[in-house]
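Undergrad: After the sequence you'll find the predicted model.
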Amino acid sequence: MNRREMLRASAGAGVAVAAGTGGTASAQILEHRWEGHDWGNVLPVPDRLYQGPFTNYGADANAPGGSVVMATSPSRDIVPNIGMGLTAYVSGDTGPPRLPGQSLERSISDIVALPFTQTIYLRPNWREVQTRPGRLDLPDWWHIAVDLARRHGKRVGFRIMLENPDDAAPGMPAFLMGKVPYVPLRGSWPGNRGEVRHRKKHAMPRYDAPAYQAAFEELNTLLAEQLNGSPDIEYMDTMMYGFWGEGHHWPFEGNVFPSDVAARATMMRMLETQLRLWTKTPLVTNTQPDFNRVGNAEMLDRTVRSGNWIRSDTIFIENTQIEALSNRPAWTAAVSEVGMTRGDPSRLQTVDGVTLNEQIVAHVLAVGANYWSVWNWHDEAAANVLSYYEKFPEPIDRIARRIGYRVYPAFIWSFARDGASGIVVGLANDGVAGVPGVLRLSVTDPAGTVLASGCVDPGYPKPTGIRQAMLAWPGKRDWSGLRLRAEIEIKGVRHPVRWACQQPLNPDCSLTLKQNLPA
């Protein structure tokens, strides 16, 4: 039984746990229907543009004339932007690839260079990144991977695993081992294939110990000093309770705290530490059901309400995770981590002529994900990914060209009013997800001088429909020859957005406006 099978099985197990929580459950934020849920006004919209209704005729017309003078069409290519794309795994649960006869740098380089990926992912253990108090000791493979990603124009997502059942050693650094007790877990892994997790005596640290809390805050402080807002970093996975930091230690029941209330309070405190220190880089919290009663629903709710993102570590899993992914706010990005099979006939798991990887791709797109993992679980190597892609390129090519948001200015209307000139932009989204933040539009002259600028509402444009917005500037300056630029604001940081259209773009990703429809 592998990790994905375990998590699928937890759906049934979780029912029994929930039924036995008694009075404790009433104090929790429980699972809820995400569609139509009131998340409040989470994301501010600076310089909000007027977004309709637009009228073209009569004395009170606000866009008189309203002629469509330019149109663009969706791109057929991979369009790399922040907040979306395919993610190549340099390390998952068992460290970076160590391939016979190949240097570590070559193995990592081959993964980073996979042409259909836009981000890379690193998941080291805590003890690997900090060997002594007061400083970081990031491993060599971390530095190699980040440097290679930078050279390839890609960003990095990561999580520091506080505990890892696939590693024989404890997760904590050595300097904490005499200060924080480990509590043995009750239960055992189903089956036995000789893996580390079946041989290991599983225990969890007392996360609520003062020494642990102090060290955890120091870890995040040190990381944030280097990486918060770094152009190299795309996102950081929230460090949660239990195995891999996912918020559980299934199949082991209960938790290591004096009470469930103490568990939830401790984990919320740890989330608040991360929210306080990671002010610019998005945090991504697991949608894992609360099998061990440690406050996952509270953490997830707080994550979304703070303008951060969510993730799931597989796609064929509990109903609650599919509900969250499918009906999250449009401005909340979703990361989908799902292990691929290799291309060997014995690994494809083909049923009714459909490979497992085709099933995965279809369902990741169906929930409207922003990211999808390109990795072979516990077997990371570029050759393993390519062994499938070279035989079946279509599923990966398809998801690389559909995932996330793919925004383009489908309609451009021009107008003149009260001595001013302007355009109304009709934004379309050919992807499967909303914009994970606030989209800013700017009209500039060829020299880059901004004539008009402002933002549309969070999450827009969505994957269906057209979102209209007005940009106007004083005087009678003609719109033709000006440039339309897009940026996305995520946690107060602006990032350039490449328009996902077939029409040619300028080096700064802007579109030169010109008449391309009959007058």
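TA: Looks like it arrived, so ask away.

Undergrad: now the stretch 101-250 of the chain, which segments are flagged as low pLDDT?
TA: Scanning the stretch 101-250 of the chain for pLDDT under 70 picks out 193-194.

Undergrad: Break down it into its helices, ranges please.
TA: 104-112, 126-129, 140-151, 196-199, 210-227 (DSSP state H, counting those that start in this stretch).

Undergrad: and the fourth one, which residues are buried?
TA: Read it as helix 196-199. Of the residues in helix 196-199, those buried under the neighbour-count criterion (16 or more other C-beta atoms under 10 Å) are residue 197. Backbone N, C-alpha and C define where each C-beta goes, glycine included.

Undergrad: ok, now the longest one?
TA: Judged by neighbour count using 16+ other C-beta under 10 Å, the buried positions of helix 210-227 are 212-213, 215-217, 219-220, 222-224, 227.

Undergrad: distance of residue 330 from residue 439?
TA: Using C-beta to C-beta, to the nearest Å, one gets 11 Å for the distance from residue 330 to residue 439.

Undergrad: Please enumerate the shared neighbours of those two.
TA: Shared contacts of residue 330 and residue 439, defined by C-beta atoms under 8 Å, 6 or more residues apart in numbering, comprise residue 460.

Undergrad: Could you check which of the two is surrounded by more residues?
TA: The neighbour comparison of residue 330 against residue 439 (other C-beta atoms under 10 Å) goes to residue 439, with 28 against 18.

Undergrad: re the thing from before, can you redo the buried residues of helix 210-227 as JSON lines with distance to residue 323?
TA: Formatted as JSON lines, those follow (distance: C-beta to C-beta, whole Å):
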{"residue": "212", "distance to residue 323": "33"}
{"residue": "213", "distance to residue 323": "33"}
{"residue": "215", "distance to residue 323": "36"}
{"residue": "216", "distance to residue 323": "30"}
{"residue": "217", "distance to residue 323": "33"}
{"residue": "219", "distance to residue 323": "32"}
{"residue": "220", "distance to residue 323": "30"}
{"residue": "222", "distance to residue 323": "36"}
{"residue": "223", "distance to residue 323": "32"}
{"residue": "224", "distance to residue 323": "32"}
{"residue": "227", "distance to residue 323": "32"}
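
Undergrad: Of all the helices of the stretch 101-250 of the chain, which one comes closest to residue 429?
TA: Closest to residue 429 of the helices of the stretch 101-250 of the chain, according to C-beta to C-beta: helix 140-151, at 26.7 Å.

Undergrad: Against which helices or strands is that closest one packed?
TA: helix 104-112, strand 119-122, strand 155-158 (3 or more C-beta pairs under 8 Å, 6 or more residues apart in numbering; DSSP states H and E).

Undergrad: Remind me what the longest one packs against, helices and strands.
TA: Going back to what we said before, that points to helix 104-112. Using 3+ C-beta pairs under 8 Å, 6+ apart, helix 104-112 sits against strand 85-89, helix 140-151, helix 382-389.

Undergrad: Show me what counts as buried in the second one.
TA: Looking back up the chat, that one is helix 140-151. Neighbour-count burial for helix 140-151, counted by 16+ other C-beta under 10 Å, picks out 141-142, 144-146, 148-149.

Undergrad: What is the burial count for residue 418?
TA: Neighbours of residue 418 (other C-beta under 10 Å): 7.

Undergrad: Quick check: it vs residue 445, distance?
TA: 22 Å.

Undergrad: Then residue 94?
TA: To residue 445, residue 94 is 54 Å away according to C-beta to C-beta.

Undergrad: Who has more neighbours out of the two?
TA: The residue with more neighbours, out of residue 94 and residue 445, is residue 94; 17 against 13, by other C-beta under 10 Å.

Undergrad: show me the contacts for the more buried one.
TA: 166-167, 378.

Undergrad: now residue 144
TA: Residue 144 neighbours (C-beta under 8 Å, 6+ apart): 104-105, 108.

Undergrad: can you map out the strands along the stretch 301-450 of the chain?
TA: According to DSSP state E, counting those that start in this stretch, the stretch 301-450 of the chain carries its strands in the segments 309-312, 334-336, 371-374, 407-417, 420-429, 438-444, 450-455.

Undergrad: Distance of residue 137 relative to residue 93?
TA: For residue 137, the distance to residue 93 - C-beta to C-beta - is 20 Å.

Undergrad: Could you do residue 339 as well?
TA: 10 Å.

Undergrad: next one: residue 170
TA: If you go by C-beta to C-beta, the gap between residue 170 and residue 93 works out to 15 Å.

Undergrad: got it, and residue 280?
TA: Here residue 280 is placed at a distance of 28 Å from residue 93 (C-beta to C-beta).

Undergrad: So if I had to pick from those two, which one is more boxed in?
TA: Neighbours per residue, other C-beta under 10 Å: of residue 280 and residue 93, the larger number sits with residue 93, 20 against 14.

Undergrad: mind checking the SS state of that one?
TA: coil (DSSP: H, G, I helix; E, B strand; the rest coil).

Undergrad: List the residues that contact the closest residue to it other than its chain neighbours.
TA: Among residues not flanking residue 93 along the chain, residue 166 sits closest, at 4.3 Å (C-beta to C-beta, 6 or more residues apart in numbering). Under the criterion of C-beta under 8 Å, 6+ apart, the neighbours of residue 166 are 93-94, 195-197, 378.

Undergrad: Nearest to residue 276, out of the helices and strands packed on helix 104-112?
TA: Using C-beta to C-beta, the helices and strands packed on helix 104-112 put helix 140-151 closest to residue 276, at 24.0 Å.

Undergrad: and the angle from the closest one to strand 85-89?
TA: Interaxial angle of helix 140-151 relative to strand 85-89 (axes from the mean of the first three to the mean of the last three C-alpha atoms, to 10 degrees): 150 degrees.

Undergrad: can you count the residues close to residue 76?
TA: 10.

Undergrad: and residue 230, how far is that from residue 176?
TA: In this structure, residue 230 lies at 26 Å from residue 176, with C-beta to C-beta as the measure.

Undergrad: Compare those two and say which is more crowded by neighbours.
TA: residue 176 (21 against 14).

Undergrad: which parts of the helix or strand that contains residue 300 are buried?
TA: Per DSSP states H and E: residue 300 is located in helix 296-305. For helix 296-305, the neighbour count (16+ other C-beta under 10 Å) marks 296-304 as buried.

Undergrad: isn't residue 424 right up against residue 469?
TA: Yes - with contact defined as C-beta atoms under 8 Å, residue 424 and residue 469 form a contacting pair (7.0 Å).

Undergrad: rewinding a little: with the buried residues of helix 210-227 in mind, which one is nearest to residue 48?
TA: residue 224 (30.4 Å).

Undergrad: Chain neighbours aside, what residue packs nearest to that closest one?
TA: Nearest non-adjacent residue to residue 224, counting by C-beta to C-beta, 6+ apart: residue 277, 4.2 Å away.

Undergrad: Kindly report the same for residue 128.
TA: residue 139 (5.1 Å).

Undergrad: Would you confirm that that neighbour contacts residue 125?
TA: No - the pair residue 139 and residue 125 fails to qualify as a contact (C-beta under 8 Å) at a distance of 9.5 Å.

Undergrad: quick one, which of the two is more surrounded?
TA: Counted by other C-beta under 10 Å, residue 139 and residue 125 do not tie: residue 125 has more neighbours, with 25 against 16.

Undergrad: From residue 167, how far out is that one?
TA: For residue 125 relative to residue 167 (C-beta to C-beta), the value is 6 Å.

Undergrad: where do the contact lists of the two overlap?
TA: By C-beta under 8 Å, 6+ apart, no residue touches both residue 125 and residue 167.

Undergrad: thinking again about what came up before, export the helices and strands packed on helix 104-112 to JSON lines and tack on distance to residue 461?
TA: Listed next are the helices and strands packed on helix 104-112 as JSON lines, based on distance: least, C-beta to C-beta, whole Å:
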{"stretch": "strand 85-89", "distance to residue 461": "18"}
{"stretch": "helix 140-151", "distance to residue 461": "29"}
{"stretch": "helix 382-389", "distance to residue 461": "31"}
